[in-house]
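[1] my questions concern the predicted model and sequence given below.
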Amino acid sequence: MSELTVGQKILMLRNHHGVSQEVLRSIIKVRPDKIVNVEKGRDEYTEAQVYKIKQYFNIQGLPLSERERTVFRNKLYYMRDLIRARRMDEAKAIRDGIVNIKNLEPCDFDMVMLYKMIEAQMFIVEGLYIIAEDMLSSAEKYLLQMNPECLYHYHYNKGVLAFCLEQCNDAFVHLMEAYERLSVHENLLPKDDMRLFLNIGNCCTYLEFIHKAIFFLMRAKHMRGDDMIANIDFDIDYLLAVNYIRINELSEAEKIVKKSLVKAESRGDNSLIALCMQCYGDMNKKAGKWARAIDYYDKSLMIFEEYSDGYYRSLHRRAFCLIKSKAFSKARLAVDQANTKCDANKSWFICFKALDHHLYIASHMTLRNKESCDYLENVACPYFIENDDHLTALEHYELLDAYYERSGNRNDVLRVRKAIDAIYKRCFANRVDV
């Protein structure tokens, strides 16, 4: 579309609307041969004539010339920046000024589709997921017609929307498709999209592709920051710290969390402070410093909103640390209290029920307990793996490994170690092949 002249685009509009040369000539008041010469590439319309034609086809303020397209494209990306910064009134003011953009579709499909893809981001940010999903679904039939830039935004939007809907595997597939477009086509976007790398890193963190997460988060970190997004620097550092803790790079994680806590406290943002306290708890949990970990989890629990995921996560890890420190009576009280708080939340109910059986096995290592072993191995761990919580499954498998080793059942040991090995290969041994 960008290779077409203004005259060629007006010809496409004229043919689409069934407007004769004679009618167009009467609108812009020109000689009969003027339109013929323009449409054959031998002449050009004046700015005044183009203005009248735009009025007639209701495409005022929309681009026809290549320079206009460049300006308009930059306007759309500025609108996207405003959307990402949650400056929705300003973004909607731009949108309201170009509501007639669909009228440009007969002669500039690419620009219309780019607008639709950026508008879809607005709906996603506003939480209007059904509208965004309908818009992206209606665009599917045009995938073969889309240029690489529009395909990038299509897959980016599909990925972000899927992540918002907690469909993380689908999100990962689409975000990697968007990444492929960037890899194949240089200068596809006006500037590097730090948000793409952050979202892939976030997705990989959730799916526990640890090395991939670190790779993409570091790419996001090394890009120029976006001043319009207040907490994006914290988001990147927090996710990096989570993954460094997972691979036992505790000194690197501590450096990051220390700086992040200063940022959180300077902004007076309790939700970010709670995440930092939880990270400190995770660092000490990974180091086997159970008492210190419990202390930090207690601090986070005082800040997290009750019944939130962050609250349940700290509650669960605190109880796990009590078990590991062999404070079994305190662990029993913690698990029982947690069970009463999350009985309506299936995911966390299963987590604490599994921890209940984990506690029983850990506190009765010399006794045979088929019920708890069966629950962990055949119900809880498969559930965690299916829901991409492989590291929680790993903690239970490691207990079962120690228990079966002690009981002397070689077949049970081999079976559990095979499961442990599969988790290590998936989460820790995978390398970035992009």
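    On my side now, so go ahead. Numbers count the residues shown, from 1 in each chain.
[2] could you chop the protein up by domain?
    6-57, 64-191 (automatic domain parsing).
[3] of those domains, which stretch is the most buried?
    domain 64-191 (a mean of 17; mean count of other C-beta atoms under 10 Å). (Each C-beta comes from the backbone N, C-alpha and C, glycine too.)
[4] avg pLDDT for that one?
    For domain 64-191, mean pLDDT rounds to 96.
[5] mind checking how far it is from the chain centre?
    Relative to its chain's centre, domain 64-191 lies at 15 Å (C-alpha atoms, centre = their mean, to the nearest Å).
[6] quick one: low-confidence ranges for the stretch 151-300 of the chain?
    Applying pLDDT under 70 to the stretch 151-300 of the chain flags residues 224-230.
[7] for His316, which of the domains of the chain is the nearest?
    Proximity to His316 (C-beta to C-beta) singles out domain 64-191 among the domains of the chain, at 18.6 Å.
[8] got the end-to-end distance for the closest one?
    Taking C-alpha to C-alpha, to the nearest Å, domain 64-191 runs 23 Å from one end to the other.
[9] going forward can the numbers begin at 50, since that is how I track them
    Sure, I'll start numbering at 50, so the last one becomes domain 113-240.
[10] helix, strand, or coil at Leu62?
    helix (DSSP: H, G, I helix; E, B strand; the rest coil).
[11] how close does it sit to Tyr105?
    From Leu62 across to Tyr105, the span is 9 Å (C-beta to C-beta, to the nearest Å).
[12] would you mark the buried spots in stretch 372-387?
    372-374, 376, 380-381, 383-384, 387 (16 or more other C-beta atoms under 10 Å).
[13] so which of the residues you listed are in helices?
    372-373, 380-381, 383-384, 387 (DSSP state H).
[14] and the two most separated of the residues you listed?
    It's Lys373 and Ala387 that sit farthest apart of those, by C-beta to C-beta, at 16.2 Å.
[15] burial count for Gly457?
    Per other C-beta atoms under 10 Å, the neighbour tally for Gly457 reads 8.
[16] actually, Ser421.
    21.
[17] pull the residues that contact the strand or helix carrying it.
    Using DSSP states H and E, the element containing Ser421 is helix 419-423. By C-beta atoms under 8 Å, 6 or more residues apart in numbering, the residues outside helix 419-423 that reach it are 406-407, 409-410, 449, 452-453.
[18] centroid residue for this protein?
    When the chain is reduced to its mean C-alpha position, the nearest residue by C-alpha atoms, centre = their mean turns out to be Asn248, at 3.6 Å.
[19] what's the nearest residue to Phe221 if we skip its chain neighbours?
    Cys252 (4.8 Å; C-beta to C-beta, 6 or more residues apart in numbering).
[20] I'd like the next helix or strand past the helix holding Ser421.
    That would be, after helix 419-423 and using DSSP H and E, helix 430-435.
[21] how far out from the middle of the chain is that following helix?
    Distance of helix 430-435 from its chain centroid, counting by C-alpha atoms, centre = their mean, is 22 Å.
[22] swap in stretch 84-101?
    47 Å.
[23] check the buried residues of stretch 372-387 against Arg74 and report the nearest one.
    Arg74 has its nearest neighbour among the buried residues of stretch 372-387 in Ala387, at 79.3 Å by C-beta to C-beta.
[24] wait, the closest one touches Phe401, no?
    Yes. Ala387 lies in contact with Phe401 (C-beta atoms under 8 Å); the separation is 4.7 Å.
[25] intersection of neighbour lists for those two?
    365, 368.
[26] where does Tyr329 land in three-state SS?
    Tyr329 - assigned by three-state DSSP - is helix.
[27] distance of the residue lying closest to it once chain neighbours are set aside relative to Gly359?
    Of all residues beyond its chain neighbours, the one nearest Tyr329 is Tyr345 (4.2 Å), with distances taken as C-beta to C-beta, 6+ apart. For Tyr345, the distance to Gly359 (C-beta to C-beta) stands at 13 Å.
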